[in-house]
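# A predicted structure for the sequence below; I have some questions about it.
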Amino acid sequence: MLFDLRQVDLARIISKEIVPRLLRIHTEVVPHAPTVDVLIETLAPSLADVSALAHIILGDDLAAAANYVTVLRDRGLPMETLYVELLEPTARFLGTMWDNDECDFVDVTIGVARLQKLLAIFNDTYFLPDAATRRQVLMATAPGNQHSFGVNMIERLLTAAGWQVQTEFSSDAAQIVDAVREGWFAVIGLTAGSDLQLDGLTSVIRQIRLKSQNPSIGIMVGGPMFAQNPGLAFKVGADATAPNA
């Protein structure tokens with residue numbers, strides 16, 4: 001166990017300190033060298049990486065999937081980058097495979113469950129600096145939305161950054177409103193899966209603003225329709241949206 005912790009610490013030092021220093025030395029010493037941002041972008045997961053992980057996930061070897069993520073992490077990329085640019089796109093890729101009849105609903109369900117396990121496996125392998133006080137956030141699925149993978153990913157990112165995160169997966173409007181009435185939150189994040197959930201989302205946002213202990217609560221929304229049309233966030237009464245986790 002102690003050896004494992006030392007490995008984690010060593011990996012963190014290499015990825016957070018040594019690799020960035022080497023990259024900076026590279027740009028200082030080599031004339032006309034690519035910038036650090038360009039180098040990191042080059043190392044970032046590609047569509048081929050996403051496709052490969054999706055096909056591994058559809059198998060029955062979780063260890064192989066974890067090893068694949070570890071190999072990509074050892075390029076020097078932080079786990080939050082792999083969450084957003086590898087695991088989240090892999091979940092979307094599984095949905096595309098289902099749309100193209102390359103796998104069935106059961107495959108997608110099992111695949112997303114394995115991605116959830118990967119989140120848990122890598123959750124304790126990196127940390128971000130603690131944030132300021134009163135960083136309480138509620139993450140919830142919008143009424144009618146049964147997909148929680150994105151919420152779980154954001155929960156782990158925020159927790160690593162020092163936020164206190166409460167999750168509400170019931171997708172029940174009354175329970176979401178009860179949560180903001182009974183507890184103080186700086187922000188609530190709501191995810192919706194389709195246009196059919198927008199009416200329910202608009203209604204629950206209206207109730208949140210009426211009942212919240214924090215009258216200035218920030219409300220963020222996410223989902224494919226907001227990625228395609230960010231202005232839709234304001235139409236449902238939210239303050240902001242983001243294209244990914």
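Nice, I can see it.

# quick one: Ile57 from Gly162, how far?
30 Å (CB to CB, to the nearest Å). (Each C-beta comes from the backbone N, C-alpha and C, glycine too.)

# between those two, which one's more packed in?
Ile57 (28 against 14; other CB atoms under 10 Å).

# Assess the claim that Val84 and Asn244 are in contact.
Yes: taking contact to mean CB atoms under 8 Å, the distance of 5.4 Å between Val84 and Asn244 places them in contact.

# For those two, indicate the residue with more neighbours.
Set side by side, Val84 and Asn244 show more neighbours around Val84, with 19 against 14, by other CB under 10 Å.

# So which elements touch the strand or helix carrying Val106?
Val106 belongs to helix 105-122 when assigned by DSSP states H and E. Helix 105-122 makes packing contacts with helix 47-57, helix 62-73, helix 88-99, helix 149-160 when contacts are defined by 3 or more CB pairs under 8 Å, 6 or more residues apart in numbering; DSSP states H and E.

# next helix or strand past that helix?
Next in sequence after helix 105-122, counting helices and strands by DSSP H and E, comes strand 136-141.

# Please list the residues outside that next one that contact it.
When contacts are defined by CB atoms under 8 Å, 6 or more residues apart in numbering, strand 136-141 is touched by residues 147-148, 151, 154-155, 158, 163-171, 176, 179-180, 183-191.

# Show me those residues that map onto helices.
Secondary structure of the contacts of strand 136-141 is defined by DSSP state H; positions in helices are 151, 154-155, 158, 176, 179-180.

# quick one: the closest residue to Glu80 other than its chain neighbours from Gly189, how far?
With sequence-adjacent residues excluded and distances taken as CB to CB, 6 or more residues apart in numbering, Glu80 is closest to Leu157, at 5.6 Å. Remark: distance between Leu157 and Gly189 (CB to CB) = 11 Å.

# Redo the helices and strands packed on helix 105-122 as TSV? Include mean pLDDT.
Formatted as TSV, the helices and strands packed on helix 105-122 follow (pLDDT from 0 to 100):
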stretch	mean pLDDT
helix 47-57	86
helix 62-73	82
helix 88-99	84
helix 149-160	77
